[in-house]
Structures are given as structure tokens and as C-alpha cells.
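K.L.:
Prediction below, plus the sequence it came from.
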Amino acid sequence: MDSQQIVANGWHAEIPAEWEDRSMITLVGETDRNGFAANIVVTREKAASGTKIEDYARRQAEMMRAEIGELQIIDERAIEIKGSAGYQRLQRFAANGLSVQQVQTFILAGGVIYAITGTSSVEAFDLAIPAFKQFVETFRPNSQ
């Protein structure tokens, strides 16, 4: 196996042989009056051969429902992002007594699934949308 490197946020390192990069990046925005900070989390994982992004997104929703109970899906749809298959979902749930809203964007590119999740309190969500949109629109996997 060829040596792979990870380069991120002012540091780099070689990935040990037979290990997989499942990086998680977290960006934090302003804190609202309830003490909730809007945030963007990006995860990645290798896609199994033949994986369809819609199926992956559905499994993610099932796992969230199993973990948090009630998950209200407001909207979801297949999309294309810079030539890659994608899926986007707008959802809402309660956590620690706070109503939370998320936009999740799943992208399948180069055999890797990237999940970009923008989270905010429901009351501050409209203020966070421009940041979430900017991040997704400028996101480019290295495989493209």
C-alpha cells in the first residue's frame, strides 16, 4: 500500500499502513442567546463498492432516530455537487431541552463519502444558513 499523508490546519503526518482516514473537522460559529454555537462538522469514510448516496443518507437518518428518538425530516432530496452524487436533508430534533435544526449534505466522490452537517438552534438557523451554504458551495474533495 502506498504511503498516504494527511494535511490539515497547519500540520501534516503520514497515515500508518492499513489505516483509514476518518477525519472529523469541526467549525464553530457564534453562540446564540441560548448558549448554542452554530457549527459545521465534516466527516469522511470510504464507501463500500456499489454504495448509493441515497442509501447511505437513509442509514444515517435511521441511526440518528435510534440514538435521539424523534427526528423530524423537513425536506430531503438527491442533488449533484460539482459532478458528484449528493443528497441533502433538512431535519429537526430536540437535544437537552433545545430545539435543534440541521442541514446535512452527503457527497460521494472518489470512493469516499463526505458528510457535511450544519447545526444551529431552530431560532438562530436562518442566521447560520449563509455560512452553511458558503461552506457546501466551496467544498471540494481532493479527488476532484
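P.N.:
Okay, I see it. Numbering: from 1, shown residues only.
K.L.:
For the helix or strand where residue 63 lies, give me every contacting residue.
P.N.:
In this assignment (DSSP states H and E), residue 63 forms part of helix 53-68. Helix 53-68 has contacts (C-beta atoms under 8 Å, 6 or more residues apart in numbering) with 47, 71, 73, 76, 78, 85-87, 89, 91, 93-95, 104, 106-108, 113, 115. C-beta: built from backbone N, CA, C; applies to glycine.
K.L.:
and these, which of them are in strands?
P.N.:
73, 76, 78, 85-87, 89, 91, 93-95, 104, 106-108, 113, 115 (DSSP state E).
K.L.:
For ChimeraX, write a command that selects the buried ones of those.
P.N.:
Here is the ChimeraX command that selects the buried residues among the ones in strands among the contacts of helix 53-68 (16 or more other C-beta atoms under 10 Å):
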select :76,85,86,87,89,91,93,104,106,107,108,113,115
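K.L.:
so the helix holding residue 63 versus strand 84-95, what angle?
P.N.:
Angle, helix 53-68 to strand 84-95, by axes from the mean of the first three to the mean of the last three C-alpha atoms, to 10 degrees: 10 degrees.
K.L.:
helices and strands of this protein: which one has the lowest mean pLDDT?
P.N.:
strand 4-8 (a mean of 76; mean pLDDT, DSSP states H and E).
K.L.:
Sounds good, over and out.
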